[in-house]
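Trainee: based on what follows, work out the 3D shape:
(one chain, ligands or ions: 2)
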Amino acid sequence: MAELVKGLEGIVASNTKVSSIIGDQLTYAGYEIDDLTENAKFEEVVFLLWNFRLPNAEELADFRKQLFENMTLHPRMYSHFEDYAADHVHPMTGLRTSLSYLAHFDPRADEFNEDAHMNKAIRIQAKVASLVAAFARVRQGKEVVKPKEDLSYAANFLYMLFGEEPTAVQEEGFNKALILHADHELNASTFTARVAVSTLSDMYSGVVAAAGALKGPLHGGANEQVMKMLDEIGSLDNVDSYVADKIAKKEKIMGFGHRVYKNGDPRAKYLKEMSRRITDETGQKELFDMSVRIADILKEEKGLLPNVDFYSATVYHSMGIEHDLFTPIFAVSRTSGWIAHILEQYSDNRIIRPRATYVGEVGRKYVPIEER
Ligand SMILES: CC(=O)SCCNC(=O)CCNC(=O)[C@H](O)C(C)(C)COP(=O)(O)OP(=O)(O)OC[C@H]1O[C@@H](n2cnc3c(N)ncnc32)[C@H](O)[C@@H]1OP(=O)(O)O
Ligand SMILES: O=C([O-])CC(=O)C(=O)O
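Mentor: Ligands and ions are numbered 1, 2, ... in the order given. Below you'll find the predicted structure:
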């Protein structure tokens, strides 16, 4: 049997046409992330990831219409958020449950053909934004806000969350953040999605499994932890001693390091620039200065660079988004990538079932309970 590679580092477990990391360059279906981040709308990127080509104007209009028409949730979905709120459920835990609950109201949830897959894909992508925004409002005792047809996906999310249409600058920044988080080759949550549906389980199962994997602080959960760290540090003066202490204790600093990128995450530069701008505009420049100081120390002391989760934290914070919504927002975007990989897995499936090397005891004999 093959040798164990802990964490499957460097192991190729799938072919994909969805996205690639070659060197330190990230592409979605062959388009460089820089090109898409500068020019595209998130909806175009979702279409691209699912179809391996950009939509024309008519296709995009139709795709947006379908997304809009599917954004509203079943009334029972809205009402069950009250239970989450009463129980102080973390929104990522809530999202994992409500993504699963979505399937209860989809009459085609277990239908297995290309048309049904695309129908589910659009339903899930449309509704995931509403799930996060509605939960956030219900727990604050506010009315749920229904989407508007003339708004983009990014603008609609912010509108449903805040109850006010975003400014053009806010919409543009959030659209970029959604694009930057949309897909990332065989990251842990996407791999999880592919494993789940490789049993020919339905798309909801794949997305729920993926959301569970994203929640962890070594993956998507890191963005919330970054803000927690900045809160703990408190001011620029405290950064050096805080980081030195973490390094001395060999504790991880959230938002740094990456399994694949060793020369820096190509998404981080956009988020850093957004963070610089928005913290300045909102009078929170110290948060940006603290972030830069942390990054400088970690580069110098450990050779570690920020990943996508580091500067996104201060971007979302400065937009007035509650910290425990950062990872659910990551999930809203990454749902598009999970679905793209689920569709790809279905199209050329073989159950994913690796081996394990047994390292436990051998030759043991059953002992009756009264003799133990
Ligand atoms: C969207 C995303 O998922 S991006 C990643 C988000 N996660 C985080 O930001 C959490 C912090 N980072 C990490 O835990 C890791 O860097 C991961 C999970 C991203 C990658 O993990 P791996 O590829 O297994 O790297 P690993 O943890 O083995 O790190 C290699 C070395 O760098 C150190 N290291 C890696 N990341 C960090 C960090 N953030 N802080 C301090 N040290 C670190 C490790 O301690 C290890 O040191 P050692 O060789 O002396 O033991
Ligand atoms: O690829 C990874 O391991 C983690 C990551 O950056 C992502 O999922 O965006």
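
Trainee: can we go C-alpha only for contacts and neighbour counts from here?
Mentor: Fine.

Trainee: so the residue in the stretch 1-150 of the chain that ligand 1 sits nearest to: helix, strand or coil?
Mentor: Scanning the stretch 1-150 of the chain for the residue nearest ligand 1 gives G7, at 6.6 Å (criterion: C-alpha to the nearest ligand atom). Remark: G7 carries the secondary structure label helix [criterion: DSSP: H, G, I helix; E, B strand; the rest coil].

Trainee: distance of it relative to A209?
Mentor: Relative to A209, G7 is positioned 18 Å away (criterion: C-alpha to C-alpha, to the nearest Å).

Trainee: which of those two has more residues huddled nearby?
Mentor: Residue environment comparison for G7 versus A209 gives the larger neighbour count to A209, 23 against 9, counting by other C-alpha atoms under 10 Å.

Trainee: so who does the more buried one touch?
Mentor: 189, 192-193, 196 (C-alpha atoms under 8 Å, 6 or more residues apart in numbering).

Trainee: pull out the buried residues from the residues you listed.
Mentor: When neighbours are counted using 16 or more other C-alpha atoms under 10 Å, the contacts of A209 contain these buried positions: 189, 192-193, 196.

Trainee: now, these that are in helices?
Mentor: Secondary-structure check on these using DSSP state H: residues within helices are 189, 192-193, 196.

Trainee: could those residues go into a markdown table alongside pLDDT and distance to ligand 2?
Mentor: What follows is those, written out as a markdown table (pLDDT from 0 to 100; distance: C-alpha to the nearest ligand atom, whole Å):
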| residue | pLDDT | distance to ligand 2 |
| --- | --- | --- |
| S189 | 98 | 7 |
| T192 | 98 | 12 |
| A193 | 98 | 12 |
| A196 | 98 | 17 |
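
Trainee: relative to ligand 1, which of those residues is nearest.
Mentor: The closest of those, once distances to ligand 1 are taken by C-alpha to the nearest ligand atom, is S189, at 8.6 Å.

Trainee: which non-adjacent residue is nearest D183?
Mentor: Nearest in space to D183, with sequence neighbours left out and distances taken as C-alpha to C-alpha, 6 or more residues apart in numbering, is G337 at 4.5 Å.

Trainee: helix, strand, or coil at that neighbour?
Mentor: At G337 the chain is in helix, as set by three-state DSSP.

Trainee: for ligand 1, what are the nearby residues on the stretch 151-300 of the chain?
Mentor: If contacts are counted using C-alpha under 6 Å from any ligand atom, the residues of the stretch 151-300 of the chain sitting beside ligand 1 are 217-220, 222, 251-259.

Trainee: in a markdown table: those, plus pLDDT and distance to T282.
Mentor: Output for these, formatted as a markdown table (pLDDT from 0 to 100; distance: C-alpha to C-alpha, whole Å):
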| residue | pLDDT | distance to T282 |
| --- | --- | --- |
| P217 | 98 | 27 |
| L218 | 98 | 29 |
| H219 | 98 | 28 |
| G220 | 98 | 25 |
| A222 | 98 | 23 |
| E251 | 97 | 31 |
| K252 | 97 | 29 |
| I253 | 97 | 26 |
| M254 | 97 | 24 |
| G255 | 98 | 22 |
| F256 | 98 | 25 |
| G257 | 97 | 28 |
| H258 | 97 | 30 |
| R259 | 97 | 33 |
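
Trainee: starting at the chain centroid, how far to stretch 74-86?
Mentor: In terms of C-alpha atoms, centre = their mean, to the nearest Å, the centre of stretch 74-86 is set 23 Å apart from its chain centre.

Trainee: longest helix in the chain, please.
Mentor: Using DSSP H to define each element, the chain has its longest helix at helix 114-139.

Trainee: which helices and strands does that helix pack with?
Mentor: Taking 3 or more C-alpha pairs under 8 Å, 6 or more residues apart in numbering; DSSP states H and E as contact, the helices and strands that helix 114-139 lies on are helix 57-69, helix 75-86, helix 91-102, helix 153-162, helix 203-214, helix 326-347.

Trainee: worst average pLDDT in those helices?
Mentor: Out of the helices and strands packed on helix 114-139, the stretch the model trusts least by mean pLDDT is helix 75-86, with a mean of 87.

Trainee: could you check the angle that one makes with helix 91-102?
Mentor: Here helix 75-86 runs at 160 degrees with respect to helix 91-102, directions being taken by axes from the mean of the first three to the mean of the last three C-alpha atoms, to 10 degrees.

Trainee: and the residue of this structure closest to ligand 2?
Mentor: Minimum separation of the chain from ligand 2 (C-alpha to the nearest ligand atom) falls at N187, amounting to 3.9 Å.

Trainee: ok, now which ones touch M229?
Mentor: Counting by C-alpha under 8 Å, 6+ apart, M229 has contacts M254.

Trainee: how close does it get to H88?
Mentor: The value you get for M229 to H88, if C-alpha to C-alpha is used, is 22 Å.

Trainee: same deal with K250?
Mentor: K250 sits 32 Å away from H88 when distances are taken as C-alpha to C-alpha.

Trainee: ok, N56 next?
Mentor: For N56, the distance to H88 - C-alpha to C-alpha - is 44 Å.

Trainee: same check, this time on H80
Mentor: From H80 to H88 the distance is 13 Å (C-alpha to C-alpha).

Trainee: who's more crowded, the two?
Mentor: Neighbours around H80 and H88, counted as other C-alpha under 10 Å, are more numerous at H80. The numbers are 15 against 11.

Trainee: how near is that one to S333?
Mentor: As judged by C-alpha to C-alpha, H80 and S333 stand 23 Å apart.

Trainee: same check, this time on M71
Mentor: With distances defined as C-alpha to C-alpha, the gap from M71 to S333 amounts to 15 Å.

Trainee: perfect, I'm done here.
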